[in-house]
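>>> All I have is the shape, not the residue letters:
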């Protein structure tokens, strides 16, 4: 079945470091891909998405590119801040009416 | 902004108790969802609803039921709570199918 795999956490970075969180997926067809973020004590919120191959989603300095050939959607940010400390979930969905499949989440801690 | 409100942030119950988790959204969304979030497993869909009085099983419905008597309210019911139902429960809503989910901040349920 369809699935999402994320790199193991937790990830700890110093402020202004470069961030990469790896995400790969298994799915037939052409799913839409998402990154959701969960800040401490809050629910998940959509961070960015991409709906077709080679699309780049971006928001709040974060970027991810839909790579069909490697079935990947890695999250990157050039310079992280303490306020980026959160859990990040990679997810996929086939159509609007198919269930969203979430990865296990990657916890990020950014220290000053 | 859409607001999804879950009635309790923390809840402690005894084994065998009947538990109600309440969720209310204020944006007239058709669709509402209940997930549970466990470390290393990500989010798993319990039940969802596309309309009032309508419900669909998700991936892990066993031991749960739901009620949607009004459009804005979606309740999750644990008929007889068990310790393996200790988890974070997240409610979400959306305007269309699984397109852009809006999450509440969650209820951390402990069953002793």
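Alright, I've got the coordinates. Values in this document were obtained by computation on a predicted structure and should not be read as measured data.
>>> need the residues of chain A near chain B, please.
Applying the criterion C-beta under 8 Å from any C-beta of the partner chain, the portion of chain A that neighbours chain B consists of A:4, A:36, A:41-46, A:89, A:93, A:95-100, A:102-105. C-betas here are computed from N, CA, C, even on glycine.
>>> filter those residues to the buried ones?
Buried residues within those, counting neighbours by 16 or more other C-beta atoms under 10 Å in any protein chain shown: A:4, A:36, A:43-44, A:46, A:89, A:93, A:98-100, A:102-105.
>>> How is the most centrally placed residue in chain B assigned, secondary-structure-wise?
The centre of chain B sits closest to residue B:34, judged by C-alpha atoms, centre = their mean, with a distance of 3.0 Å. Secondary structure assignment for residue B:34 (DSSP: H, G, I helix; E, B strand; the rest coil): strand.
>>> For it, list each beta-bridge partner.
In this structure, residue B:34 has beta-bridge partners residue B:47, residue B:91, where bridges are defined by DSSP bridges.
>>> Could you pull up the contacting residues of it?
The contact partners of residue B:34, by C-beta atoms under 8 Å, 6 or more residues apart in numbering or on different chains, come to B:21, B:23, B:45-48, B:58, B:64, B:66, B:74, B:76, B:89-92.
>>> Each with direction, which strands does the helix or strand that contains residue A:13 pair with?
In the assignment (DSSP states H and E), residue A:13 maps to strand A:11-14. Within its sheet, strand A:11-14 is paired with strand A:106-111 (parallel), according to DSSP bridges.
>>> burial of residue 61, as a residue count?
Looking at chain A here, since you left the chain open. Neighbourhood size, residue A:61 [other C-beta atoms under 10 Å in any protein chain shown]: 13.
>>> hmm, I had chain B in mind actually
If you count neighbours by other C-beta under 10 Å, residue B:61 ends up with 15.
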